[in-house]
Structure formats: structure tokens, C-alpha cells
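>>> Fold the following.
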Amino acid sequence: MIFSSIAVIALVGIIITQMLWMNDALVLRQEQFNQRVKVALKSVSTQILDNQIDSAEKYLLSPCDTDFFNTTEITDMIDAKLLDSLILLEFSSMIISEEFAYGVYSSRDSSFIMGPYMGLVDELINSRHKTSLSCIYKEEVYILGAY
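Residues are numbered from 1 along each chain as shown. The predicted model follows:
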């Protein structure tokens, strides 16, 4: 009787310990996923900036586009097809296979300017997966977010 009671207590202790370990593993896995998404978004932002620098260098070497430095819209600075392909490439390279949506929006008025964000505006704005694009376009703060 005493032996079986001790065995039951030990078994319950082992089950509780394993449940705690499984919970810790799930939390760690979510943190790793969040970090991979953050790295992918930062990489996209950096590649867009590099693309702008390359364009500026071409302009300085061969001044044929007089409007290059007078661009008034961020959509002139970021090619939507390039953004889409960079996001797909980076998410794939970070082994992010979950379905996602992304969008570029203004942090001032939450207006979206590009990306497949339809129906997910609030989710994207409130997502923890975002990076600033302020280094790309004037002083306006634009955000690249994913959900």
C-alpha cells in the first residue's frame, strides 16, 4: 500500500515535470519563430535600402533621371514586386512556412500603401512582427509588418 502510494506520487511528479518541460519548449519555439520573422523583416528592409543606394550611385554616375532625389512618395522608393519577392525569399530562407500577410503602412495614420493586407489591417498594425522603414523614406515613419 505504501509502495503504491509512493509510486503514484512519483508518477504524478514525473508527469508534471514533463508538462512543464513541454510548456517551456513551446514558449521557446514561439520565441525562436518570432526572432526568425524579425530577422527576415530586417533583412528585407536592409536589402531595400541597399537597392536605393545602388540606384543613387547609378544616378550620380550617370545623371539621366532628374527626379531621382525629388521623389515624393514612398511607393516610388519601394518597388512592390521587389518587396514581395524579398519577403518570400527571406521567409523561405528562415524556414518560415506558415501562411502570412504583410503590409507597409504609416505609423502616423495607420494607412496602408502596399502589400497583401486586405482584411488583416488591425492584425498587422497590432502584430509584434514589424520593422521600421524610416531609413528608406524621408522623415515619415513607415512600418513593414507581417502577420
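
>>> so where does the residue most central in space within the chain fall, helix or strand?
Most central in the chain under Cα atoms, centre = their mean is Leu41, positioned 3.8 Å from the mean C-alpha point. Per DSSP states H and E, Leu41 falls inside helix 2-61.

>>> what do you get for Tyr105?
strand 102-106.

>>> check contacts around the nearest residue to the residue nearest to the centre of the chain once chain neighbours are set aside.
Setting aside the residues directly before and after it, Leu41 is nearest to Thr131 in space (Cβ to Cβ, 6 or more residues apart in numbering), at 4.3 Å. Glycine gets a C-beta too; all of them are placed from N, C-alpha and C. Residues in contact with Thr131, defined by Cβ atoms under 8 Å, 6 or more residues apart in numbering, are 38, 41-42, 44-45, 143-144.

>>> switch the cut-off to 10 Å
If you count contacts by Cβ atoms under 10 Å, 6 or more residues apart in numbering, Thr131 has them with 37-46, 143-146.

>>> Gly119 too?
Counted by Cβ under 10 Å, 6+ apart, Gly119 has contacts Ala101.

>>> what's the strand holding Tyr105 in contact with?
Contact partners of strand 102-106, identified using Cβ under 10 Å, 6+ apart, comprise 41, 44, 48, 74-75, 78, 80, 83-84, 87-88, 91, 111-118, 120-121, 123-125, 127, 129-130, 133, 136-137, 140-147.
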